[in-house]
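Chemist: Make a model of this:
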Amino acid sequence: MSAVAGHKSATVPQCVSSDDLAALNTLVETRATDLDALKTQTAAFIDVRDKYRLTKAADEAQSSMDKAKSDLATAQKNATDQLKTVEADTALQSDATIKAAYDALKKIEKDSHSVSTTVTVSTYDEAVASIEKTKTVVSKTGEANTATQALKDAIKAYNDAKTAAAQSQAASGFGEISGYSGGGGSNWSDNSGSNDWSYTRGNSNDWGSGDTYTPPAQ
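Modeler: Prediction:
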């Protein structure tokens with residue numbers, strides 16, 4: 001046999017027996033069955049995981065929104081009450097600082113009613129979006145509380161200044177009408193009418209030491 005003939009003989013493919021072919025087919029089918037089972041298990045795992053994620057996200061979205069809505073309602077009520085305080089007092093309305101704080105709170109309180117508080121949890125993505133909505137509600141609540149406190153502070157500052165001015169004026173008036181020093185030698189008298197009376201202050205600063213009072217003649 002020549003070298004060329006030997007090479008051709010070595011490279012000629014051998015026929016597979018029917019038994020080998022049947023075994024190979026069985027192996028392929030078994031592997032396909034195993035692969036299908038793995039796919040089914042994977043799909044089941046993903047389904048369980050997705051349901052769990054949706055449940056957790058939905059619970060968080062609902063509970064957090066419930067609290068956020070409650071806090072927002074409280075903030076809105078407090079803001080309304082504070083606005084009514086100014087609206088009922090024209091003196092407060094005339095103060096520039098109070099007016100600015102009032103206008104700011106009025107706008108924020110109005111805007112707070114336009115924020116969405118609807119929770120949708122049909123899918124995981126919707127639940128996540130609802131959680132993000134909650135953050136917006138919380139932010140609006142914070143703005144309303146801050147503006148309400150600013151108006152409260154402005155009103156308090158106004159009332160404190162008003163009280164201080166009144167006390168100062170009262171103290172000044174009292175000083176003018178009570179300038180009596182208590183020294184000796186003071187004399188009060190009224191001789192304008194028929195019922196004359198007089199008072200003479202002695203040299204002592206204590207009552208009963210040199211003080212005399214002459215009642216009107218009867």
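Chemist: so where does the one residue sitting closest to the centre of the chain fall, helix or strand?
Modeler: Centroid-nearest residue in the chain, with CA atoms, centre = their mean: Gly142, separated by 2.8 Å. Using DSSP states H and E, Gly142 sits within helix 124-177.
Chemist: any idea of the mean pLDDT in that helix?
Modeler: Averaged across helix 124-177, pLDDT comes to 90.
Chemist: so what secondary structure elements neighbour it?
Modeler: helix 18-87, helix 96-112 (3 or more CB pairs under 8 Å, 6 or more residues apart in numbering; DSSP states H and E). (C-beta placed from N, C-alpha, C; glycine too.)
Chemist: make it 10 Å
Modeler: Under the contact criterion of 3 or more CB pairs under 10 Å, 6 or more residues apart in numbering; DSSP states H and E, helix 124-177 touches helix 18-87, helix 90-93, helix 96-112.
Chemist: residue contacts, Ala147?
Modeler: Residues near Ala147 by CB atoms under 10 Å, 6 or more residues apart in numbering: 75, 79, 82, 101-109, 112.
Chemist: nearest to Val121, of the helices and strands packed on helix 124-177?
Modeler: helix 18-87 (3.7 Å; CB to CB).
Chemist: what's the average pLDDT for that closest one?
Modeler: For helix 18-87, the mean pLDDT works out to 91.
Chemist: Now do that helix: distance to the chain's middle.
Modeler: Relative to its chain's centre, helix 18-87 lies at 30 Å (CA atoms, centre = their mean, to the nearest Å).
Chemist: I'd guessed Ile108 sits against Ala75; true?
Modeler: Yes: counting by CB atoms under 10 Å, Ala75 is a contact partner of Ile108 at 9.4 Å.
Chemist: Can you work out which residues contact both of the two?
Modeler: Counting by CB under 10 Å, 6+ apart, the residues touching both Ile108 and Ala75 are 140, 143-148.
Chemist: Now a PyMOL select for only the buried ones of those.
Modeler: Of these, the buried ones go into a single PyMOL selection, burial set by 16 or more other CB atoms under 10 Å:
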select buried, resi 140+143+144+145+147+148
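Chemist: With distance to Ala129 as extra columns, can I get the shared contacts of Ile108 and Ala75 in a markdown table?
Modeler: Formatted as a markdown table, the shared contacts of Ile108 and Ala75 follow (distance: CB to CB, whole Å):
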| residue | distance to Ala129 |
| --- | --- |
| Lys140 | 17 |
| Glu143 | 22 |
| Ala144 | 23 |
| Asn145 | 25 |
| Thr146 | 26 |
| Ala147 | 28 |
| Thr148 | 29 |
